[in-house]
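Novice: Got a sequence here, can you build the structure:
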Amino acid sequence: MQASGIPSSAGVPLSGSEPPSGSMPPSGSEPPPAAGATPGASPAAGPCRASEVLGRVGDKWSLQVIFCLGGGPRRFTDLKRAIDGISQRMLTVTLRGLERDGIVTRTMYPVMPPRVDYALTPMGATLQDAACTLIRWAQSHLDEIDTARAAYDARKVRGGSAFTA
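Specialist: A predicted model of the protein is given here:
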């Protein structure tokens, strides 16, 4: 486990990530149909719903939960220990949302004390590579981000504009 509380054994290389493909359609035109979408499907199945799902799986806690569960089922306390800075309540809310969206399963065992395991569903496992790529990118660029933030903050302190033309 690394100092950040994120296990280093996810098995996804740091390189190989590709920039997102596609672009936003020009204003006033219809967006292209989603992959696998049925032509003429209701607008409820379009980009707005995708944004809702991306909001769930793309937040910092969900990505880290998906990353941690990539190694197999984990108990709640194991996840809490592995994810640095997450509160018990935030982990509970995150797990419930991921379970509701079909990304995580919750298995309760009838033993004393009660035992609950969380695991990725087959659909959730398809997010593993993306989550690992994002987390590894963040880990490998921490120093550069800190340097950029310090430079930005120094420009603001001197009264200059942080934006350059």
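Novice: Tell me where this structure has strands.
Specialist: In the chain, the strands defined using DSSP state E lie at 74-75, 104-109, 115-120.
Novice: How about residues contacting the first one?
Specialist: This means strand 74-75. Applying CB atoms under 8 Å, 6 or more residues apart in numbering, the contact partners of strand 74-75 are 68, 82, 115-119. (Glycine included, C-beta is placed from N, CA and C.)
Novice: Could you do the second one as well?
Specialist: Contacts of strand 104-109 from elsewhere in the structure, counted by CB under 8 Å, 6+ apart, are 65, 69, 73, 95, 98-99, 114-121, 124.
Novice: again, only this time at 7 Å
Specialist: 69, 95, 98-99, 114-121, 124 (CB atoms under 7 Å, 6 or more residues apart in numbering).
Novice: Which members of the residues you listed are classed as buried?
Specialist: Neighbour-count burial (16 or more other CB atoms under 10 Å) applied to the contacts of strand 104-109 gives 69, 95, 98, 117-118, 120-121, 124.
Novice: can you tell me how far the nearest residue to D117 once chain neighbours are set aside sits from R106?
Specialist: Spatial nearest neighbour of D117, excluding adjacent residues (CB to CB, 6 or more residues apart in numbering): P73 at 4.3 Å. Separation of P73 from R106 (CB to CB, to the nearest Å) stands at 10 Å.
Novice: all helices of this protein, in order?
Specialist: Secondary structure of the chain (DSSP state H): helices at 47-57, 60-69, 76-82, 88-100, 122-125, 128-140, 142-157.
Novice: Ok, which of those helices comes nearest P110?
Specialist: Among those, helix 76-82 comes nearest to P110, with 16.7 Å by CB to CB.
Novice: elements contacting that closest one?
Specialist: Applying 3 or more CB pairs under 7 Å, 6 or more residues apart in numbering; DSSP states H and E, we find helix 76-82 packed against helix 60-69, helix 88-100, strand 115-120.
Novice: Could you dump those into a markdown table with distance to Q139 and mean pLDDT added?
Specialist: Formatted as a markdown table, the helices and strands packed on helix 76-82 follow (distance: least, CB to CB, whole Å; pLDDT from 0 to 100):
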| stretch | distance to Q139 | mean pLDDT |
| --- | --- | --- |
| helix 60-69 | 11 | 93 |
| helix 88-100 | 20 | 96 |
| strand 115-120 | 21 | 96 |
